[in-house]
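>>> Give the three-dimensional model of this entry:
(4 chains)
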Number of protein chains: 2
Amino acid sequence: MLELRHLRTLQAIDDAGSLVEASERLHVTQSALSHQLKDLEHRLGLELIVRRTRPVRFTTAGSRLLALARQILPLVKKTETELKRLSAGDSGRLHIAIECHSCFQWLMPALDRFREDWPEVELDLSAAFGFEPLTALTRGDLDMVVTSDPVDDPAVCYLPLFRYELVLAVARDSEWAARRFIEPGALAEQTLITYPVERERLDVFTAFLDPAGVAPGSVRTAELTPMMVQLVAAGRGVAALPNWALTEYLDLGLVKSVRLGEEGVWRTLYAAVRQGDQTVPFIQDFMETAEALCFKNLSGIRRVNLSA
Amino acid sequence: MLELRHLRTLQAIDDAGSLVEASERLHVTQSALSHQLKDLEHRLGLELIVRRTRPVRFTTAGSRLLALARQILPLVKKTETELKRLSAGDSGRLHIAIECHSCFQWLMPALDRFREDWPEVELDLSAAFGFEPLTALTRGDLDMVVTSDPVDDPAVCYLPLFRYELVLAVARDSEWAARRFIEPGALAEQTLITYPVERERLDVFTAFLDPAGVAPGSVRTAELTPMMVQLVAAGRGVAALPNWALTEYLDLGLVKSVRLGEEGVWRTLYAAVRQGDQTVPFIQDFMETAEALCFKNLSGIRRVNLSA
DNA sequence: GCTCCAACATGAGAGATCCTCATATTAAAG
DNA sequence: CTTTAATATGAGGATCTCTCATGTTGGAGC
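Coordinates of the predicted model:
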């Protein structure tokens, strides 16, 4: 009758504050949760949550179930992890390469957390510059590549992490700072600061400037996000960066961010693994850990749409 | 992925010692458990129990899951009971009548246990002699009748408790004591000791003697099981009683039991409730409690076949 | 008060799941 | 080496649980 599914749902609703948000976290539709909850309430003959408030409020019965969920779900999760370790052996290798410098920000905490659960898995992290990471992945030199450019290849499986917006960092006193968005043409007179990688890997070109046939006034490179922010703040140019990578600098008031085009440029960040590896227990666990930490720590990111 | 269903299955297998017995306790087929277990083992990539031993042995992984089951299932159960109490109100009435004297034996502990969970339910227990209990049930004077004679009535719902064998208690030194079974004809010369109720309510007549057209030499009555056993032990006659009601006297060596006919006379004990009442939370809970206690304390009883 | 928007509800139908039935296989006991 | 009790397996059907499409509702803003 009562099943873990129901407890997971209630916990997610509590964490999220609404059915819509909870359904995204659980990777099901809002309709599914609505049906499931209604069915449970019907069978219990009790109302569990009051929907017309925001965030939703739990009734006495709902709270009781929620308490049960909070009590037993961690135990279940712990046992599941233990069993996964037992099944595939607790050892293995996870060599990760990132194409996106900023990813260090969330990857480091994720790796720390992961190491606790899988102490025997050999971890390694490298930046994928100066070589073709997907080749290294299929060849077996790497086990995971974090990228926002999925390439159609039957040997590679792309596991989505989150969607983010590519925004333009501009100086605080720049005349663009107050604009809601800017058009590609505006960059023709500007200095664009980018990471030192090939143009084809830079979304600001592939998704914004190139389609409009615009080239920036000049381009200069910087290795690390803080360096780019310093240059932008000093009025030496503008830089296209993921919105979540800019949050801390925006909060500090160093720079401002402006949308690229009316709709904005949205990208999805993926973890690419070898086809088949998506079922390896510790890979699945890593993805769960990473996703949870990202949505906890990064602001402005969105969940990947199911149908995508 | 992992669900409470799996934990309940593992717990039942541990309690029962085999898939067959566990499947009966869970009211599903053996096939269902086999499939379920195999599927779980497959998805975990781990063997959970070793089947070729009796009782089955749990592997490390199986034990881990079993420990989880023993830890969280009681918590779940407790919460479910609480919610049931919340839903239908925690009060109500359960007036029970028994047609079978011996039933006091298991009914008393069941009522004690039940009272702990449902303190607000008004309990009453009476013997259904000298009046028609089913009429009292449909009229609302009673809420449950414990009987082994289901009568086809759309207003009444029969909830099976267990199957038992009606056996003949004979004196220890009687010449029948060593027989595997006796034929109806043998009773023609004997004194039969029965409860003081109408012939039609006595299974020994309806299911054994009457079909063979035999009447016992003489009939005398006794009110209580211990009295009947005393008379039988003293060589004053024989008595047909449920096998489970005789267990303690057999163990004491007071009397012996003999099967009635080659196949034995098997009966099912039911709890009759008003149609619709079978969904009342505290009635369901009472049935679960009673069933669990019966199979724990009574020996020689069987589970009711699903297809019956 | 009216419109709009976001959140939740609902009905129908597809797909997955889980169970049962019938039967095969296996292991242990006689 | 049979016999029997337990477990395994394959097929098929009932049920469940999603998704899709659309309806309804409550509250913020004009």
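
>>> elements contacting the helix or strand encompassing residue A:246?
If you go by DSSP states H and E, residue A:246 is part of helix A:243-252. Judged by 3 or more C-beta pairs under 8 Å, 6 or more residues apart in numbering or on different chains; DSSP states H and E, the packing partners of helix A:243-252 are strand A:156-171, helix A:225-233, strand A:255-260. Where you see a C-beta, it was placed from the backbone N, CA and C, and this is true even at glycine.

>>> repeat that for 7 Å
Secondary-structure packing of helix A:243-252 (3 or more C-beta pairs under 7 Å, 6 or more residues apart in numbering or on different chains; DSSP states H and E): strand A:156-171, strand A:255-260.

>>> can you list those in JSON lines and add mean pLDDT, mean neighbour count and distance to DNA strand D?
Putting the helices and strands packed on helix A:243-252 into JSON lines (pLDDT from 0 to 100; neighbours: other C-beta atoms under 10 Å in any protein chain shown; distance: least, C-beta to the nearest atom of the strand, whole Å) gives the following:
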{"stretch": "strand A:156-171", "mean pLDDT": "92", "mean neighbour count": "21", "distance to DNA strand D": "15"}
{"stretch": "strand A:255-260", "mean pLDDT": "92", "mean neighbour count": "21", "distance to DNA strand D": "21"}
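
>>> Tell me which of those sits nearest to residue B:289.
When the helices and strands packed on helix A:243-252 are compared by C-beta to C-beta, strand A:156-171 sits nearest residue B:289, at 48.2 Å.

>>> and after that closest one, which helix or strand comes next?
strand A:181-182.

>>> so residue A:239 sits in a helix?
No: assignment of residue A:239 by DSSP: H, G, I helix; E, B strand; the rest coil gives strand, placing it outside any helix.

>>> hmm, back to that, pipe the helices and strands packed on helix A:243-252 into a markdown table and attach distance to DNA strand C per row.
Below are these laid out as a markdown table (distance: least, C-beta to the nearest atom of the strand, whole Å):
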| stretch | distance to DNA strand C |
| --- | --- |
| strand A:156-171 | 16 |
| strand A:255-260 | 17 |
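
>>> about what we covered before: could you give the mean pLDDT of the helix holding residue A:246?
For helix A:243-252, mean pLDDT rounds to 91.

>>> Get me the contact residues on chain A for DNA strand D.
Neighbours of DNA strand D within chain A, by C-beta under 7 Å from any atom of the strand: A:3, A:5, A:27-29, A:31-32, A:35-36, A:39, A:52, A:306-307.

>>> if we go to 6 Å?
Selection of chain A residues close to DNA strand D by C-beta under 6 Å from any atom of the strand yields A:5, A:28-29, A:31-32, A:35-36, A:52, A:306-307.

>>> Kindly give a single ChimeraX line that selects the buried subset of these.
This is the ChimeraX syntax for the buried subset of these, where burial follows 16 or more other C-beta atoms under 10 Å in any protein chain shown:
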select /A:36
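
>>> Including distance to residue A:149, could the residues of chain A next to DNA strand D go into TSV?
Output for the residues of chain A next to DNA strand D, formatted as TSV (distance: C-beta to C-beta, whole Å):
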residue	distance to residue A:149
A:5	36
A:28	28
A:29	28
A:31	33
A:32	32
A:35	37
A:36	37
A:52	44
A:306	21
A:307	21
